[in-house]
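[1] My questions are about this predicted structure, shown below with the sequence.
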Amino acid sequence: MQSMLAVNGLVRRLGPGFTLGPIDLSIEARQIVCLVGHSGCGKSTLLRLIAGIERPGSGTIGLNGKILAGPDRFVEPEKRNIGFVFQDYALFPHMTIEQNILFGLRKRPRKEAQTRVAMLLELTALTAMADRYPHMLSGGEQQRAALARALAPEPSIVLMDEPFSNLDRDLRERLRHDTVALLRQTHTTAVIVTHDAEEALSIGDRIILMKSGQIIQQGSSRDLHDQPVDRYSAEFFSSFNRVPGSYRDGKLHTAIGAFPCQLDLAEGSQALAFIRPQAVCPCLSFDGLSGSVLAHSFRGEIEQFSLGVEGLEKPLVMRTTQRLTPHKGILRFRIDPQTILFFPAAGQDASNSQAA
Ligand SMILES: Nc1ncnc2c1ncn2[C@@H]1O[C@H](COP(=O)(O)OP(=O)(O)OP(=O)(O)O)[C@@H](O)[C@H]1O
């Protein structure tokens, strides 16, 4: 598939404390890409560099085969054909919603511009609010207006910086769904910055995970969730029971079993099994493991139990859709080895991790 956005060797130093890059990245047409990572890892800086709001120290940014930023070229943001939706929406307060959307179409023939605005108002369900000013709209409506304004000039790509973060949970989910539908309907390529792992996994065709100014993993939602490259990546997308053990004979020997794995570690090294709460499965037979229920929480479809297990310092968390009734405060369980990840304990050199 055609690579529409190409970033090569991009570096930007911000003060003495933070350097972004070098970043290499390519995005294909019509993809929705989610850029994720903890606060301060450089997501917004990368987005601003692509938009042209910041200048790179070195490296290049290309769009549709044309260089936008490089050693001897810098295309101004308004000439890049890139749409931007800011976290606070940044609508022009003195213009109506219709005028806001029309703004990017000033150079188009009037009739054509008006037809496009009407279409975008309809797509974002804002037709009835076209004459209102931004302060007369709810947060969700403002977000949709900002997206309509960004899409109006038919940009090659739309960049969105935390577009849903100012909204409450229900609205956030609805808008997320509507936004993705609109991006797909208009065949728009988009890069969406979020620090919400679940949001990224649910909407991104591709996920890019950043840490300390670097991209540490990119791929599909399944790649990042199921096969994280390191502990940071694993813990960013899921919660785990971290069970310590000793690595011998191709197995990690822990207090709750020996699990086959391949680690680039010396015999006898300490390592951790990362066990998902849903891989701690209820077990009816008496040869299973057992734990005393320390805490229980009902979460609708699933229930969560914290189990005190002999040999483990920390409680083992179990999540299950089964409705269990502990017998004398005890639950029996087994570990499903399929999804366990293995990482060296802190301080060990090797980095290899693999599901058994
Ligand atoms: N103008 C600046 N001068 C110096 N340092 C800056 C500047 N702008 C940002 N930084 C620093 O650069 C780092 C990356 O910031 P950036 O806003 O890109 O992170 P982010 O991942 O988008 O964070 P958040 O999720 O909190 O918005 C941070 O450590 C920030 O403090």
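    Perfect, thanks for sending it. Residues are numbered from 1 along each chain as shown.

[2] How is whatever residue of the stretch 51-200 of the chain ends up closest to the ligand classified with respect to secondary structure?
    For the stretch 51-200 of the chain, the residue closest to the ligand is His195, as judged by C-beta to the nearest ligand atom, at 4.9 Å. Any C-beta I mention is one placed from the backbone N, CA and C, and that applies to glycine too. Secondary structure assignment for His195 (DSSP: H, G, I helix; E, B strand; the rest coil): coil.

[3] Okay, and the closest residue to it other than its chain neighbours sits in which element?
    Sequence neighbours aside, Ser39 is the residue nearest to His195 in space, at 6.1 Å (criterion: C-beta to C-beta, 6 or more residues apart in numbering). Element membership of Ser39 [criterion: DSSP states H and E] is none; it lies in no helix or strand.

[4] Okay, Ser39 and the ligand: tell me how far apart.
    Look at Ser39 and the ligand: by C-beta to the nearest ligand atom, to the nearest Å, they are 3 Å apart.

[5] Please state the backbone phi and psi of that residue?
    Geometry field for Ser39 lists phi and psi as phi -50, psi 130, criterion degrees, to the nearest 10.

[6] Got the domain ranges for this protein?
    Domain assignment for the chain, taken from automatic domain parsing, gives 3-236, 240-344.

[7] In JSON lines, list those domains along with mean neighbour count.
    Compiled in JSON lines, those are given as follows (neighbours: other C-beta atoms under 10 Å):
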{"stretch": "domain 3-236", "mean neighbour count": "18"}
{"stretch": "domain 240-344", "mean neighbour count": "16"}
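
[8] a markdown table for these, including mean pLDDT?
    As requested, the domains of the chain are arranged in a markdown table below (pLDDT from 0 to 100):
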| stretch | mean pLDDT |
| --- | --- |
| domain 3-236 | 92 |
| domain 240-344 | 93 |
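
[9] got the contact list for Phe92?
    By C-beta atoms under 8 Å, 6 or more residues apart in numbering, the contact set of Phe92 is 99-100, 103, 134.

[10] repeat that with 7 Å
    Under the criterion of C-beta atoms under 7 Å, 6 or more residues apart in numbering, the contact partners of Phe92 comprise 100, 103.

[11] helix/strand/coil for it?
    Going by three-state DSSP: Phe92 is coil.

[12] circling back to that earlier point, does the residue nearest to His195 really touch Thr194, like I thought?
    No. At 11.5 Å, Ser39 does not count as touching Thr194 under the criterion of C-beta atoms under 7 Å.

[13] what about the longest helix in this protein?
    Once the chain is assigned using DSSP state H, the helix that runs over the most residues is helix 169-185.

[14] Just the pLDDT at Ala350, thanks.
    Looking at Ala350, its pLDDT is 43.

[15] Check Gln354 too.
    Looking at Gln354, its pLDDT is 39.

[16] before we move on, which element is Thr60 in?
    Counting by DSSP H and E, the element that carries Thr60 is strand 58-63.

[17] mind checking how far that strand is from the chain centre?
    23 Å (C-alpha atoms, centre = their mean, to the nearest Å).

[18] next one: stretch 81-97
    On C-alpha atoms, centre = their mean, the centre of stretch 81-97 falls 23 Å from the chain's centre.

[19] Help me see whether it makes contact with the ligand, please.
    No. Contact between stretch 81-97 and the ligand is absent, the nearest approach being 8.0 Å (criterion: C-beta under 6 Å from any ligand atom).

[20] Check stretch 224-241 too.
    No. Looking at stretch 224-241 against the ligand by C-beta under 6 Å from any ligand atom, there are no contacts, and the closest approach is 12.6 Å.
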